[in-house]
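J.: any chance you can model this:
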Amino acid sequence: METIQNSLTNFYNSIATGIGDWGLKLLGALAALLIGLWIIRFIMKGVSRAFESRRIDETLRPFLITLLGFVLKALLIISIAGIVGVPTATFAALIAGIGIAIGAAFNGSLGHLASGIMLLIFRPFKVGDLIKTNGAFGFVKEISVFVTVIETFQKETEIIPNSAITSGKITNLSTVGSLRIDMPFAIRYGADITKAKDIVLDVLVKDINVLKTEGMQPRVAVNNLGENSVELLALPYVKSENYWEVYWDTRQKIVEALGNEGYEAPLPQRVVTMHK
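T.: Just a heads-up that it's a prediction; the model follows:
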């Protein structure tokens, strides 16, 4: 009887000791969690202020802060697992396994994520730029880690997966800040070419949206001798935001100016030689 009583006493003492140790570990883990979250919040605020002072791109800033917060919290959880008594290597392997499973489930989305990170880091374009990519032509309104939002000149909103952008051609019309618009027109053979060039150049010079700065003066040139006409090019430089104003309105002014000076449309012509 005494032996059974001693066994029960030892069992109770071992349970009490285990519960006491486990409770202390839980309290330590809880304290470490609260302190760790406070430190992470303090670090995140400091990093955010540093990004603002260094003028980090506004599109890239939220992503970097979110990524840093995720990494710090993951390290905190692994550290707390070690305090509780969970083997760190086992816990890390569990997290890695979960990450692989999530990666397999979101394979396509992770491709967009990787492409979004490339766009945010290498910055082939930024919000507000006028670009051509993946069949879309318009101003960039938003760049996220998964998609890029473009507003076209027709006020359509096109949402393009980032992987489709990085795998194709990107034409940024805002990198320099200005661009040239090549506007072809034609006159009949035998018409005064010099006068036609002067008429069109006068239209370009008087257009307030056409740039006249050094190296960007408008000009008019002969482009080709076509089958039925002399083909010319008007070459105005414009700011990207004035692209369509010049593309459409100035082209109309050129047609009207040539028509007012008696230049007719170069219709197809044939020279016929008759022999008796």
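J.: please pull out the lowest mean pLDDT helix or strand from this protein.
T.: helix 88-105 (a mean of 62; mean pLDDT, DSSP states H and E).
J.: stretch 165-182: how far from the chain's middle?
T.: Mean-position distance between stretch 165-182 and its chain equals 13 Å (C-alpha atoms, centre = their mean, to the nearest Å).
J.: tell me the buried residues in that stretch?
T.: 165-166, 172-174, 178-179, 181 (16 or more other C-beta atoms under 10 Å). To be clear about C-beta, it is placed using only N, CA and C from the backbone, and glycine gets the same treatment.
J.: likewise for stretch 154-161?
T.: 158, 160-161.
J.: ok, residues contacting it?
T.: 112, 115, 133-134, 136, 138, 141, 146-152 (C-beta atoms under 8 Å, 6 or more residues apart in numbering).
J.: what is the nearest of the buried residues of stretch 154-161 to residue 125?
T.: residue 160 (11.9 Å; C-beta to C-beta).
J.: pLDDT averaged over the helix or strand harbouring that closest one, what's the number?
T.: Using DSSP states H and E, residue 160 maps to strand 157-161. Across strand 157-161, pLDDT averages out at 91.
J.: and the most centrally placed residue in the chain, how far is that from residue 152?
T.: In the chain, the C-alpha nearest the mean C-alpha coordinate belongs to residue 143, at 4.4 Å (C-alpha atoms, centre = their mean). Separation of residue 143 from residue 152 (C-beta to C-beta, to the nearest Å): 16 Å.
J.: cool, residue 43 as well?
T.: 41 Å.
J.: just residue 174 next, same as before
T.: Distance, residue 174 to residue 152, using C-beta to C-beta: 15 Å.
J.: how about residue 68?
T.: The value you get for residue 68 to residue 152, if C-beta to C-beta is used, is 35 Å.
J.: do the same with residue 180
T.: Taken as C-beta to C-beta, the span from residue 180 to residue 152 is 21 Å.
J.: same deal with residue 75?
T.: From residue 75 to residue 152 the distance is 44 Å (C-beta to C-beta).
J.: show the pLDDT at residue 246.
T.: 90.
J.: mind checking what secondary structure it has?
T.: Using DSSP: H, G, I helix; E, B strand; the rest coil, the three-state assignment for residue 246 comes out as helix.
J.: which residues of the protein fall in helices?
T.: Assigned by DSSP state H, the helices in the chain fall at 2-53, 60-84, 88-105, 107-122, 162-166, 193-206, 243-244, 251-260.
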